[in-house]
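Visitor: this one's structure only:
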């Protein structure tokens, strides 16, 4: 089966070179796009694209910084498969938009993402919805929670209302640095 | 195995197609790679400051090019329009408001001139303008030491770095006239590399060390008060630390209350001056703002100075710290109302209520101390001996110290009404005890009636009463401001031109 895919002996050398070019290019793309980092939960992964700086900056100045990372709110946590399926789907969309320069100045969350965020609000804050010891809060939320999302009222949690690169002019965000390795830079000097 | 070979042998165009498709795919992959590299390189241009700010850069304008909002709001401290019931940003001649102060400070610089301070923007200018700093004609002339400059300017960390700390504290203030020109600003509180808050003044670091605390362990929220505590604290000039230096020191070794600092000063037999009328060895409280704030409810709930005096501000879509340090009463919406839901008028009334009630007793204490000074003066006149006067003079020293601790803490009656109220009440007790001793002594000396209260209804009358030649002081000052200061400014401008980055003023 596999042997059928292999080229005839006199073609092998050129095919080896061409395949090498392919694999090398793909490896380079994975490297410069920091593709491996997308498997992690590290918030600095999200600022691989600098346009996420305002989101990162507002989060690091919020109370959620202490307890929740990007993925805790922005990907589903009902099961592992769904988590990575959603992450891949959302991530590929972001990557496409970013590559095509289709990103808006002010980024707003989409329906699918907003549903995930809502579920995650409830995941951690279920006590304010259910715990009988918090009767007043539960009562207050009961009216709304069936038909509304948390962020419809808690709109500034945790990113504030409107974010764009110009709204956080001095934010210190872990942006990707030059992909050129140090030893080349040192050699050039 | 040989199937592909056979296929392409039969259809040579297919070989060409595979060749071309490969070219296109590799080409597109290359484009994608360069697009990623390009977009990634954009990150290098995000939030890049305009100027490279060097360490000890004293000019606020240079920092301001990178941080225009913070800079512009900082320069609004030049606003002198706001006047609250007791303070504000307007310059108020406090001796005019309350001429009794002249008697309290007889023999000390404050009796010449004492104003409610203006904003940080005027720090250097007002130091030059006040009669307290005299009219020095040369670098070694004048009544005040170089240490007075410590809190006035971001030129100070630069000079301390160039000359050494003890050397900075040595000499007269006029010696630094051409060096200290930029008003309190960026480099006083910020790290030039990352804008983190930093402590630039050694006195605070040293005070923490003596208390067994490490200031570098302070949290960010604590730093938002500690940078203020570099200056807004009680201090004195210690002459025993380095040869010839007036070494700036905070008297916190035993604690920060009026009693604890008093004990510290008594133990070292320190006096700022000897009172001109009573001959008492006096203490001048500077501005124990940080110490008194710490005892108040806001500090106890973790609210920092900056939370109320430099609240966050929104401008367009940008949220930043308002660097116009000012009374929160002039900005209730961004300060008080972030936590308190009451109406502005209610909140201001709450502040005034505390201030009114504290000042009632402070005012009474002030009158008692004026009387005690005058009565002690009378006792000396009638031939009292030093032994007879010893306890009385200590009583005057202690009661006025408490009065001054309360008065000079400025915001103290709001920051910590309970502690200030307590301090004043102990002051009243000491003042009256002292006056009982004085009454007995005066009776022993054959004077058994009330010592008349002097006519000190205006600043002029009070200054005449203590024997000050105001006309000469004022004339000398005007001459100094016209001749010496412009020369300093010129020298400073020439010096700053040699710096790497030239600021557009």
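Guide: Perfect, I can see it now. In this text, all values refer to a predicted model and were calculated from it rather than measured experimentally.

Visitor: ok, how many other residues are close to residue 9?
Guide: I'll assume chain A. 10 (other Cβ atoms under 10 Å in any protein chain shown). C-beta: built from backbone N, CA, C; applies to glycine.

Visitor: Chain B is the one I meant
Guide: For residue B:9, the neighbour count with other Cβ under 10 Å is 11.

Visitor: Just confirm it is within a helix.
Guide: Yes: applying DSSP: H, G, I helix; E, B strand; the rest coil, one finds residue B:9 inside a helix.

Visitor: where's it relative to residue B:23, distance?
Guide: Residue B:9 is 22 Å from residue B:23, where distance means Cβ to Cβ, to the nearest Å.

Visitor: repeat for residue B:255
Guide: Residue B:255 is 82 Å from residue B:23, by Cβ to Cβ.

Visitor: is it true that residue B:424 lies in a strand?
Guide: No: assigned with three-state DSSP, residue B:424 falls outside any strand and is helix.

Visitor: Next up, the contacts around it.
Guide: Counting by Cβ atoms under 8 Å, 6 or more residues apart in numbering or on different chains, residue B:424 touches B:358, B:361-362, B:365, B:402-403, B:406.

Visitor: Now with 10 Å, please.
Guide: B:258, B:358-366, B:399, B:402-403, B:405-407, B:412-413 (Cβ atoms under 10 Å, 6 or more residues apart in numbering or on different chains).

Visitor: Then residue B:72?
Guide: Going by Cβ under 10 Å, 6+ apart, residue B:72 touches B:64, B:315, B:323-324.

Visitor: Can you flag which of those residues belong to helices?
Guide: residue B:64 (DSSP state H).

Visitor: Tell me which two in the contacts of residue B:72 are the farthest apart.
Guide: Within the contacts of residue B:72, two members stand farthest from each other by Cβ to Cβ: B:64 and B:315, at 15.3 Å.

Visitor: Look at the two and report which has more neighbours.
Guide: residue B:64 (21 against 12).

Visitor: Next up, the contacts around that one.
Guide: By Cβ under 10 Å, 6+ apart, the neighbours of residue B:64 are B:50-51, B:70-72, B:74-75, B:185-186, B:503-504.

Visitor: Can you read off the pLDDT for it?
Guide: For residue B:64, the pLDDT comes out at 94.

Visitor: do residue B:3 as well
Guide: On the pLDDT scale, residue B:3 gets 60.

Visitor: Ok, residue B:410 next?
Guide: 87.

Visitor: Give me the three-state assignment for it.
Guide: Quick answer, by three-state DSSP: residue B:410 is coil.

Visitor: so it touches residue B:309, yeah?
Guide: No: with contact defined as Cβ atoms under 10 Å, residue B:410 does not count as touching residue B:309 (11.7 Å).

Visitor: just the buried members of the contacts of residue B:424?
Guide: Among the contacts of residue B:424, those that count as buried by neighbour count (16 or more other Cβ atoms under 10 Å in any protein chain shown) are B:258, B:358-359, B:361-362, B:365-366, B:399, B:402-403, B:405-407, B:412-413.

Visitor: Spell out which residues of the stretch 201-350 of chain B are next to chain A.
Guide: Within the stretch 201-350 of chain B, the positions lying close to chain A (Cβ under 10 Å from any Cβ of the partner chain) are B:312, B:314-320.

Visitor: pretty sure residue B:175 is in contact with residue B:169, am I right?
Guide: No: applying Cβ under 10 Å as the test, residue B:175 and residue B:169 come out as separate, 11.3 Å apart.

Visitor: got a list of what the residue nearest the centre of chain A touches?
Guide: The residue lying closest to the centre of chain A (Cα atoms, centre = their mean) is residue A:46, at 4.7 Å. By Cβ under 10 Å, 6+ apart, residue A:46 lies in contact with A:37-38, A:52-53, A:55-56, A:59, A:69-71, A:74, A:91, A:94, A:173-174.

Visitor: pLDDT weak spots in chain A?
Guide: A:1-2, A:144-146 (pLDDT under 70).

Visitor: domain parsing for it?
Guide: Domain ranges of chain A: A:1-37, A:45-176, per automatic domain parsing.

Visitor: so can I have JSON lines of those domains showing distance to residue B:287?
Guide: Formatted as JSON lines, the domains of chain A follow (distance: least, Cβ to Cβ, whole Å):
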{"stretch": "domain A:1-37", "distance to residue B:287": "52"}
{"stretch": "domain A:45-176", "distance to residue B:287": "31"}
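
Visitor: For those domains, state which one has the densest average packing.
Guide: Among the domains of chain A, ranked by average contacts under mean count of other Cβ atoms under 10 Å in any protein chain shown, first place goes to domain A:45-176 (a mean of 15).

Visitor: Could you tell me how far it lies from the centre of the chain?
Guide: 10 Å (Cα atoms, centre = their mean, to the nearest Å).

Visitor: Would you mind measuring from residue B:26 to residue A:6?
Guide: 21 Å.

Visitor: Then residue B:429?
Guide: Distance from residue B:429 to residue A:6, by Cβ to Cβ: 104 Å.

Visitor: number of nearby residues for residue B:118?
Guide: For residue B:118, using other Cβ under 10 Å, the count is 19.

Visitor: Give the helix, strand or coil label for it.
Guide: Strictly by three-state DSSP, residue B:118 counts as coil.

Visitor: contacting residues for it?
Guide: Residue B:118 is in contact with B:77-80, B:88-92, B:125-126, counting by Cβ under 10 Å, 6+ apart.

Visitor: go on, residue B:180?
Guide: By Cβ under 10 Å, 6+ apart, the neighbours of residue B:180 are B:58, B:123-124, B:127-128, B:146, B:148-150, B:152-156, B:158-159, B:173, B:488, B:492.

Visitor: and what of residue B:391?
Guide: Residues near residue B:391 by Cβ under 10 Å, 6+ apart: B:433-434, B:437, B:441.

Visitor: what does stretch A:134-147 rub up against?
Guide: Residues beyond stretch A:134-147 that count as contacts (Cβ under 10 Å, 6+ apart) turn out to be A:118, A:121-122, A:125, A:127-132, A:148, A:150, A:152-153.

Visitor: Just read off the phi/psi values of residue B:304.
Guide: Phi and psi for residue B:304, reported as degrees, to the nearest 10, are phi -90, psi 160.

Visitor: Around the closest residue to it other than its chain neighbours, count how many other residues there are.
Guide: The shortest distance from residue B:304 to any non-neighbouring residue, by Cβ to Cβ, 6 or more residues apart in numbering or on different chains, is to residue B:224 (3.7 Å). Counted by other Cβ under 10 Å, the residues lying close to residue B:224 total 20.

Visitor: Please identify which helix or strand holds residue B:224.
Guide: For residue B:224, the element it lies in under DSSP states H and E is helix B:220-226.

Visitor: Enumerate the positions of the helix or strand that comes right after that helix that are buried.
Guide: Downstream of helix B:220-226, the first helix or strand assigned by DSSP H and E is strand B:236-238. By 16+ other Cβ under 10 Å, the buried positions in strand B:236-238 come out as B:236-238.

Visitor: Would you give the sheet partners of the next helix or strand after strand B:236-238, along with the direction of each?
Guide: Following strand B:236-238 in sequence order, the next helix or strand is strand B:247-249 (DSSP H and E). Partners of strand B:247-249 in the sheet, by DSSP bridges, are strand B:236-238 (antiparallel).

Visitor: how far does the strand it pairs with sit from the chain's center?
Guide: 17 Å.

Visitor: Can you give the contact residues for that strand?
Guide: Counting by Cβ under 10 Å, 6+ apart, B:144-145, B:147-148, B:150, B:169, B:203, B:245-251, B:261, B:264-265, B:268, B:270-272, B:283-286 sit against strand B:236-238.

Visitor: still on that earlier bit, can you tell me which of the contacts of residue B:64 are buried?
Guide: Buried among the contacts of residue B:64 (16+ other Cβ under 10 Å): B:51, B:70-71, B:74-75, B:185-186, B:503.
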